[in-house]
Structure formats: structure tokens, C-alpha cells
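Novice: how does the following fold in three dimensions:
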Amino acid sequence: MSAAITTSPVYDILGVGFGPANLALAIALEERDSPLTARFLEARPSPEWQPGMLLDGSDIQNHPSRDLVTLRNPRSRYSFLNYLHEQGRLLRHLNLPSEFPLRKEYAGYLRWASSFFSHLVDCNQRAASVEVVEAGGERLYEVTTMAGDRYLGRTLVLGPGRTPYIPSPYDTVRTPRVFHLTQYLPRLAELAGQGREPESVAVIGGSQSAVELALDLGRRFPRTKVTTYTRSHSLRLKDTSPFSEEGYFPEFTDYYFQASREGKKALDAYMHGTNYSSADGDVLRELYLTIYEQELDGEQRVFVRGNHEAVAVREAGERVALDFVERHTGERITDTVDFAVLATGFRNMGPAPHEELCPPLMAGLADRFTAEPDGRLLVGADYALQPVADGVPPLFLNGLCESSHGIGDAGSFSLLSLRAATLADALTSRLTASLDPSTDRAAALAAA
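Specialist: Modelled structure (predicted):
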């Protein structure tokens, strides 16, 4: 425990990140007239949603009313439907010949909603470290940012988004020519400054994003060879059965939370195809037709290579050499490309090589909280971590708890608004319990 010498204000809630997860929480607190004071730290210059993947023609993969608020409060002014109304696009949008909204439009919705909370957010403040300090007779969280500023909070809500997963052997090279999909558009802009169309590029992965990237690259660079490599046999259709989709119901979240770790593994295996290593039918059809037509014209430039696993990656002058092995025949090939985009997903909490035991920002605090037998943090039903000793202020995870709450808590909007309600209730309860019940502030919190 260190002593904080600071004149910074103390916020009831200190939030790291102001993406959809903490934005939904801010809305829930406002709509409940919460007396809690809150401050959110956002690493980017402004709150944005997936700015590196706002591809032309790409859409979201969930019903638009699974937004920041509607499942919790259908009458909210912060709904996607009301956003369209206020932008004068409601009727036009309802006339679109598509099932889901464009990703660009949903990003605009989130930008619009976040604009109402600019007074609660400090941008360009990337959190660098977190520690517990003593200040004014209280034990508080102190977050220090890369800019050197310090913030104090009675509770901490971590919602920085999940860590991109960079698998081996791609994690062995340090080159701007191998990058995760979250960097896609900015990195393309940098590479475009070199003034030539790439000769060949690679997309790694078999997800929805991988297919969208292959299509986007084929449109941007019509003379470039675009090859998608996946470890599975080929690209797979997403499971969109309405029965499977009930995994994104709050009842499934409750059921999953109560299951044993072995039970959770079985449920994960069943639900995997609803969100991971698979793609929607529309983009699969478009990609297949693109390849077929190119074959018909005798000038195929877009390829899909299944059963291929990378075994080595190395720089090759101003390009990158990727060594692959065919997983069943053992055949080895080398593809030298101008760049490779990794559509390899994100890390979940857990002990496996593709997981992490805790969010990186709280690595220095992890030993203060209870862990499961396999080492991952133990998360409560209300998304709170459980301290191993008294005196540790409440800490909540927001949008990082798929391993404890199931696929509905993955990086999607499916149950975002309901999770925000759970967090708002839990924060109010914890802060009320920490105050003398005779004080005006305790009474206000209890009333909320």
C-alpha cells in the first residue's frame, strides 16, 4: 500500500476505457438519476468503436436493438432507433434491403451517444498503471496515465476492451507488415504512402472478419493476389439457429455462470460456431462467387487455403515470408507477401496460450484477488472481483468476462445494456455499504 500525495478529486467510479461497455454504464447511471460521481479515461483522442475495421459494406452481426440501452430501457432516448430518428434517417434505414445495419452507421450511433457524456470523459489518457493508495482516510484506486496524470476512485471499472491475440509465430517478428485487424485501416494508410499497389497479401484466420478483409482487399487492390489462410479445413458458415442464438439470452448467462468449469467448456464448444471461426452466409457467398468468376475469367487473384498452419515468419527485405505446413499432408510452402493481416481474435481470461489470467493493466494487483484453481481471476455474478483480504476497494470488469458469464458477455452488444444495469446496481450497493448510514450521501445512494 502506498500513500498518495495528490489534490485530485476522488470519484465514486473511476472507469478505464469509454467504448460501448462503459458508455452503456454511463447511460444506465444517468437514467437512474444516480448520485454517484464518475470519470472515464479513454486512450483514443475521442471515443470510437472499431475505427480500424469500418470497411465499406460491412455490417454488424446482431439485431440493432441489442444496443446500448433497449433491452434495459426500451424508452431510452439513447437507443439506435432514436438515433436514426434524430438524424432524419429512420424511414430510409427501415427501407434498407439488409438484415443488419452497416458498421459505419453503428459507429456513428456510438459516437452520437458518447457525445452526451463528454463531461465525464478524459480522452488521450491511456492508463499506464493502477495501485491501491491511502488518501483522506480512504483506500482508493489510483490510475496513472501515460501522460503522467493521476486519478482517484473509490471503485474501479475496467472496460478497456479485450487484448488482441497475436499467435505464434507471428508474435516473433516486429514489423509493421504483420498486424492485427484492429490496426487494419491505419496500417493500410501508412503502407499506401509507399506509392504502389501490393503484389500479394495474406489474411490469417477463418472468422467473419477474415472474410470481410479478403473481400475488402480484393476490392481495394484489384491486381493484388489475396490469400486467406486458415487452420481449419476451409471457411465455415456461422451457426445462426434461433435455438443456438438463445445463448445470447440473459437466462443462458445465469445458467453458464452456475456451471462448473468443465460444464463451461462443454457449453463453449457448442456455442463456438455462433461467434468464432465462422462467417455469415452473405459474405461467404460473395467471396465464393468472386473466386468462381475469377476462375471463369482465367485470372484468379483471390484464394482460400485451408488446413494451413504457419510455422515461421520472417522479414524478407521490404516484404514478409510466411512458412506454412499443410496440416494433413505435411507439405510445406512459403508465401512472400507485402503484408499480412491477422484476423486471429482476442484473448479471453484463462490459462491457455491464447488466453490471459487477468487484464494486463491489473497485473500488479492480481494477487489481491481470488483466483480459480487454473489461475484465472474469480469473477462474481455482478462482475466484481473477490479480494483475498479486507481493505481492497471494489473492482469490476466490464466486457471482459466471457470465461465466467458465457458468450453473451463476449465482445458484442448482445447483452450490453443488461450488464450495465447489473453493474450500476452493484456499484450503488457497494458504495452505500462503505458509508456511514447516517450521512446524507449514504441516504442518497440508498435511494438510488
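
Novice: what about stretch 73-86, average pLDDT?
Specialist: Taken as a whole, stretch 73-86 has a mean pLDDT of 98.

Novice: this structure: helices as residue ranges?
Specialist: Ranges of helices in the chain, per DSSP state H, are 20-31, 80-86, 90-94, 103-115, 184-192, 208-220, 250-258, 261-271, 281-297, 402-405, 416-433, 440-447.

Novice: of the ones you listed, flag the one that's most buried.
Specialist: helix 20-31 (a mean of 26; mean count of other Cβ atoms under 10 Å). Glycine gets a C-beta too; all of them are placed from N, C-alpha and C.

Novice: kindly report the domain assignment for the chain.
Specialist: Domain ranges of the chain: 2-163+347-447, 170-238+275-342, per automatic domain parsing.

Novice: tell me the gap between the shortest one and the middle of its chain.
Specialist: Distance of domain 170-238+275-342 from its chain centroid, counting by Cα atoms, centre = their mean, to the nearest Å, is 22 Å.

Novice: try the first one
Specialist: In terms of Cα atoms, centre = their mean, the gap separating the centre of domain 2-163+347-447 from the centre of its chain is 12 Å.

Novice: show the contacting residues for the residue lying closest to residue 151 once chain neighbours are set aside.
Specialist: Nearest residue to residue 151 in three dimensions, chain neighbours excluded: residue 143, at 4.8 Å (Cβ to Cβ, 6 or more residues apart in numbering). Contact partners of residue 143, counting by Cβ atoms under 8 Å, 6 or more residues apart in numbering, are 14, 16, 41, 127, 129-130, 150-151, 153, 156.

Novice: and which of those residues is nearest residue 246?
Specialist: Using Cβ to Cβ, residue 16 comes nearest to residue 246 of these, at 32.0 Å.

Novice: that closest one: how many residues sit nearby?
Specialist: Residues lying near residue 16 (other Cβ atoms under 10 Å) number 28.

Novice: and residue 310, by the same measure?
Specialist: Residue 310 has 19 nearby residues by other Cβ under 10 Å.

Novice: report pLDDT for it.
Specialist: Reported pLDDT for residue 310: 98.

Novice: now do residue 2
Specialist: In this model, residue 2 carries a pLDDT of 43.

Novice: just the one 10 residues further on next, same as before
Specialist: At residue 12 the predicted local distance difference test score is 97.

Novice: distance of it from residue 349?
Specialist: 26 Å (Cβ to Cβ, to the nearest Å).

Novice: correct me, but residue 98 touches residue 57?
Specialist: No: contact status for residue 98 versus residue 57: not in contact, 9.7 Å apart, counting by Cβ atoms under 8 Å.

Novice: who's more crowded, the two?
Specialist: For residue 98 versus residue 57, the count of surrounding residues by other Cβ under 10 Å is larger for residue 57: 15 against 10.

Novice: dump the domains of the chain into CSV; add distance to residue 255 as well.
Specialist: As requested, those are arranged in CSV below (distance: least, Cβ to Cβ, whole Å):
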stretch, distance to residue 255
domain 2-163+347-447, 8
domain 170-238+275-342, 17
